[in-house]
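Novice: Curious how this folds, go ahead:
(chains A and B)
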2 protein chains.
Amino acid sequence: MKSMEKPVLSFTHHSPIFFFFLFFFMIISTIISSTSSVQSRPTNFPLPRSVPRFLGKFSNQIETKPKRWIHQPYHYETRYFTQRLDHFSFAKLPSFSQRYLISTEHWLGPARLGPIFVYCGNEGDIVWFAANSGFIWEIAPQFGAMVVFPEHRYYGESMPYGSGEEAYKNATALSYLTTEQALADFAVLITDLKRNLSAEACPVVLFGGSYGGMLAAWMRLKYPHIAVGALASSAPILQFENIVPPETFYNIVSNDFRRESTSCFKTIKESWDAITSEGHKENGLQQLTKTFHFCKQLNSTDDLVDWLESAYSYLSMVDYPYPADFMMPLPGNPIREVCRRIDGSPNGTSILERIFAGVSVYYNYTGNVDCFQLDDDPHGLDGWNWQACSEMVMPMSSSQETSMFPAFEFNYSSYQEGCWESFQVIPRPRWITTEFGGHDIETTLKMFGSNIIFSNGLLDPWSGGSVLKDISDTIVALVTKEGAHHLDLRASTPDEPDWLVDQRETEIEFIKDWIDSYHERRKATFKL
Amino acid sequence: MKSMEKPVLSFTHHSPIFFFFLFFFMIISTIISSTSSVQSRPTNFPLPRSVPRFLGKFSNQIETKPKRWIHQPYHYETRYFTQRLDHFSFAKLPSFSQRYLISTEHWLGPARLGPIFVYCGNEGDIVWFAANSGFIWEIAPQFGAMVVFPEHRYYGESMPYGSGEEAYKNATALSYLTTEQALADFAVLITDLKRNLSAEACPVVLFGGSYGGMLAAWMRLKYPHIAVGALASSAPILQFENIVPPETFYNIVSNDFRRESTSCFKTIKESWDAITSEGHKENGLQQLTKTFHFCKQLNSTDDLVDWLESAYSYLSMVDYPYPADFMMPLPGNPIREVCRRIDGSPNGTSILERIFAGVSVYYNYTGNVDCFQLDDDPHGLDGWNWQACSEMVMPMSSSQETSMFPAFEFNYSSYQEGCWESFQVIPRPRWITTEFGGHDIETTLKMFGSNIIFSNGLLDPWSGGSVLKDISDTIVALVTKEGAHHLDLRASTPDEPDWLVDQRETEIEFIKDWIDSYHERRKATFKL
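Specialist: Sure, this is the predicted structure:
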């Protein structure tokens, strides 16, 4: 929490989980960009290269930053619920206050079995998720649904030990930041809420995007009695161990560029050597600093490589077919624009100048940024880094053959070493698959699960680790060819393409079906 | 662990979970009875009246007692596996050694997908469960199955903190004795075992009786990817909150007596007042001590009431239709014999003398006991008491109208007070239903579960808290009208009644089906 005060954009090599938070990052970025320098972070933190470093700080920022940063278009009450720190032991630990946002404005109430829509809060301030999950708010009235956004422990205001500072103090304090505890928080909160409202019979529908989508899907599997269904948007539940090849993420990013232009893909692929060779020259770092318009001189080419890699991965996640004004202003098909600039620079433009022209689409589309600033905070103990270093070990490699990124092979030993150095924690890379199912998870879902929508856009590099085909009649994949990272959860816009309108309608139909069949089961039970 | 040295039989008012361990108790009793006094315990321990006090000490005894006490008819290796103390946090806690018994004697091996039979160890020494679960050993060869008996944490040799003494030292040490941790132990052990044997594709079948049966059923619900099915014998998963009426247990015991003889039922029901009124007389306790042949004078009538209540409840659990030589020698239909003696005593026999004659069937069928001894150890920190005072809160009442026992209403406040006094722990009476499903658990099982056999004998008072009707094609109830507590898991005997033979055959058929359909699914997957 130390670095809460600075709006820092952090990323790293091969650490794309970080990108989950893209949307929120984008909003912040709009503001940051108006300050005419964009900060990013170098690789010289002690975390291993491949730790899926995440924009956890982001959630910290919004706690301390003026709330005007967060556009809050929806009405709700903010409440707090006392939770156990360890649901699965009786260790004498202090309880903590879990924040949740609640709106009963459109709720039909218990007598009419009004549904309860619950968003599974993920790694950030819940106010952000509420503000950026307009779909849920938009459809609640037609369902007569209550809306609840419980915050994930260790994020936002839901800090154990009284404050973020204490909660993030060390590995001991952080040790209860796990997915199972978060799921149990949701289960306990929902159960208590329903009991207090005499709403035990009201059906609960879960929502979640990214990590929140994983939680929603897992919640459905682990607590089937709590909710009747889950919309898990962009939820890469297969991105563990070797369920999907570790190259998947970077291959998808690379393909997103290649589909726009083979020469663009090739230019990017060749640029890494050009950077290295420039960096080795006398005054090379100085020259690179100038070419890429950094405010301060580069310490190493690694920082530049990170900065570029992050941009490409982000671009893949938000490679939407229409301008995304609601975030950092980007054109529709932003990768197409990047490649247009890379490919279209005048003859004689050097490879590095082309790259700069391309990446400027991402970092400076408004043209307001004079120079770019790399964050040099050596490491920030943000929550997602902890999660990546404990349970959420998602191996990522970059293939020499198929990726446009520098080749990189996931190495668990060095990953573990880095995690130890950073947090004094030893990751448990096999725990998630033991707890939630591994290679057999699709079979498990088929046999024992029901009522989950896995929605994914194929341009999103996270789609590769998600469920992309129907598993059964009720565990379905909604795949949009031109979609990217969990767009379906956001508020609708006038520019909505047809496929997105269709996708949302299908989702509404499924949710209706879940609720209807819940009512039918209930009636059948009463008849008996 | 302090009282390990003494073979103590502990019980209490309204505390029937204790009876789970009946079979093991019986074996010990045979030995105890040869010492010509049977010890029992009074109610003056600080635990609340209604704590489902359990024969946890029993499991301690067998650790220190010569192993000849345990008949070990089956061949296996004893191994140890390093487990985390808290699977759901990264708290820096010492790991512990989980003991497990393993036999690969009949296993078909990984290439032929030999099944793996896993018994979910419950609250006691796993050697005992292995010795008393002959059914599993008997059917393993025909399935070509490996047999594994993992021990439950905090029982037998599987003690955290290096020893039972340390593990049971206080509430802090005991705090990781929970069902969720035990289930995770099983999941981690099975996953690791399969990986090490390259047996990932081998189907696992779970078995369990009593609390172990609850674990097997819950395991199937929470870890459906770990096993293809579960035989949950006498598993009262509905005995929480008010899912079944709290009077259920004692009503069943009472009905077991009433079905033999209404007058017997009435005599027992009237005996409590007779005891109280005798106790109030001058020298009344002395007279009662004499009538009931206690070695030492009674301190209160409560001790006597406990002693009788326990006997009746035990008798219900083992009210088998044939002599049970393998345990404490009892006649077939022991309740019939108790009632024959109560009803058939000569005219002029007092009510208390009749009661003594009846209860002697239970405590002294061999006739070797000269006097009975009540255990006066004020309390023993056994594991089951801890579990009952933390998660496993099973409310029990005795109805004035329908029960032959003294009327008693479950009172959560005094329960909680007693638990605090005993363990400095506050129970979480709603946690089990939040975690595993409450009133909706049958629906949950129907919708999201499969491949569970709930086997129950209707004479068993625990049957009232179990699943007694088929929930779906694959979640089935095998109910035997004349059966009692998890007899189906024991080794077959020459005296086996037809219904028991049939029950076991049906169980074998189901297990075959689970494995066959697993193979079919696998083939279908490979074909794709």
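Novice: Return the residues of the stretch 151-300 of chain A in contact with chain B.
Specialist: A:171-172, A:174-176, A:178, A:180-181, A:184, A:187-188, A:191, A:200, A:221-225 (Cβ under 8 Å from any Cβ of the partner chain). Where you see a C-beta, it was placed from the backbone N, CA and C, and this is true even at glycine.
Novice: Validate this expectation: A:N456 resides in a helix.
Specialist: No: under DSSP: H, G, I helix; E, B strand; the rest coil, A:N456 sits outside any helix and is assigned strand.
Novice: Contacts only, for it.
Specialist: A:S233, A:S234, A:W462, A:S463, A:S466, A:V467, A:L468, A:A477, A:L478, A:V479, A:T480, A:G483 (Cβ atoms under 8 Å, 6 or more residues apart in numbering or on different chains).
Novice: wait, doesn't the fifth one sit right on A:P236?
Specialist: Yes: between A:S466 and A:P236 there is a contact at 4.9 Å, judged by Cβ atoms under 8 Å.
Novice: Strands along chain A, start to end?
Specialist: A:39-40, A:77-83, A:96-103, A:116-119, A:146-150, A:204-209, A:229-233, A:373-374, A:452-457, A:475-480 (DSSP state E).
Novice: Would you mind finding the most buried of those strands?
Specialist: strand A:229-233 (a mean of 30; mean count of other Cβ atoms under 10 Å in any protein chain shown).
Novice: which outside residues touch that one?
Specialist: Counting by Cβ under 8 Å, 6+ apart, residues outside strand A:229-233 touching it are A:205-210, A:213-214, A:216-217, A:219-220, A:450-456, A:486, A:488-489, A:507, A:510-511, A:514.
Novice: Any regions of chain A where pLDDT drops low?
Specialist: Scanning chain A for pLDDT under 70 picks out A:1-72, A:324-328, A:375-381, A:526-528.
Novice: Could you check which of A:S466 and A:P236 has the larger neighbour count?
Specialist: Between A:S466 and A:P236, counting by other Cβ atoms under 10 Å in any protein chain shown, A:P236 is the more crowded of the two (29 against 24).
Novice: The longest helix anywhere in chain A and chain B in contact?
Specialist: Looking across chain A with DSSP state H, the single longest helix is helix A:498-527. Yes: Helix A:498-527 lies within reach of chain B by Cβ under 8 Å from any Cβ, at A:R521, A:T525.
Novice: Quick one: distance of that helix to the chain centre.
Specialist: Averaging C-alpha positions (Cα atoms, centre = their mean, to the nearest Å) puts helix A:498-527 27 Å from its chain's average.
Novice: From A:Q387, how far off is the closest residue to A:R84 other than its chain neighbours?
Specialist: Leaving out its chain neighbours, the residue that sits closest to A:R84 by Cβ to Cβ, 6 or more residues apart in numbering or on different chains is A:S95, at 5.9 Å. A:S95 sits 21 Å away from A:Q387, going by Cβ to Cβ, to the nearest Å.
Novice: How about A:D303?
Specialist: 25 Å.
Novice: A:L288 too?
Specialist: Distance from A:L288 to A:Q387, by Cβ to Cβ: 33 Å.
Novice: and if you look at A:Y314?
Specialist: Going from A:Y314 to A:Q387 by Cβ to Cβ gives 20 Å.
Novice: Look at the two and report which has more neighbours.
Specialist: The residue with more neighbours, out of A:Y314 and A:Q387, is A:Y314; 27 against 24, by other Cβ under 10 Å.
Novice: Specify the beta-bridge partners of A:L206.
Specialist: For A:L206, the beta-bridge partners under DSSP bridges are A:V118, A:A230.
Novice: what sits against it?
Specialist: By Cβ under 8 Å, 6+ apart, the contact list for A:L206 reads A:V118, A:Y119, A:C120, A:A216, A:M219, A:R220, A:A227, A:G229, A:A230, A:L231.
Novice: ok, those residues vs chain B, which is closest?
Specialist: Chain B has its nearest neighbour among the contacts of A:L206 in A:R220, at 8.7 Å by Cβ to the nearest Cβ.
Novice: Please tell me how far the closest residue to that closest one other than its chain neighbours sits from A:N456.
Specialist: Excluding its sequence neighbours, the residue lying closest to A:R220 (Cβ to Cβ, 6+ apart) is A:A230, at 4.4 Å. The span separating A:A230 from A:N456 equals 14 Å under the rule Cβ to Cβ.
Novice: re earlier: phi, psi for the residue nearest to A:R84 please.
Specialist: Torsion angles at A:S95 (phi, psi; degrees, to the nearest 10) stand at phi -80, psi 170.
Novice: Which residues are in contact with it?
Specialist: Counting by Cβ under 8 Å, 6+ apart, A:S95 makes contact with A:T82, A:Q83, A:R84, A:L85.
Novice: Just list the residues touching A:H152, thanks.
Specialist: Each residue near A:H152 by Cβ under 8 Å, 6+ apart is listed here: A:C120, A:G121, A:N122, A:E123, A:G124, A:I126, A:S158, A:A182, A:D185, A:G212, A:L215.
Novice: if I read this right, the last one contacts A:Q181, doesn't it?
Specialist: No: A:L215 is beyond contact range of A:Q181, at 11.3 Å (criterion: Cβ under 8 Å).
Novice: Please identify which of the two sits among more neighbours.
Specialist: Using other Cβ under 10 Å as the criterion, A:L215 and A:Q181 rank with A:L215 on top: 28 against 22.
Novice: which residue packs closest to the more buried one, ignoring adjacent ones?
Specialist: Spatial nearest neighbour of A:L215, excluding adjacent residues (Cβ to Cβ, 6+ apart): A:C120 at 4.0 Å.
Novice: before we move on, what about A:P429?
Specialist: Closest residue to A:P429 apart from its sequence neighbours, by Cβ to Cβ, 6+ apart: A:V393 at 4.1 Å.
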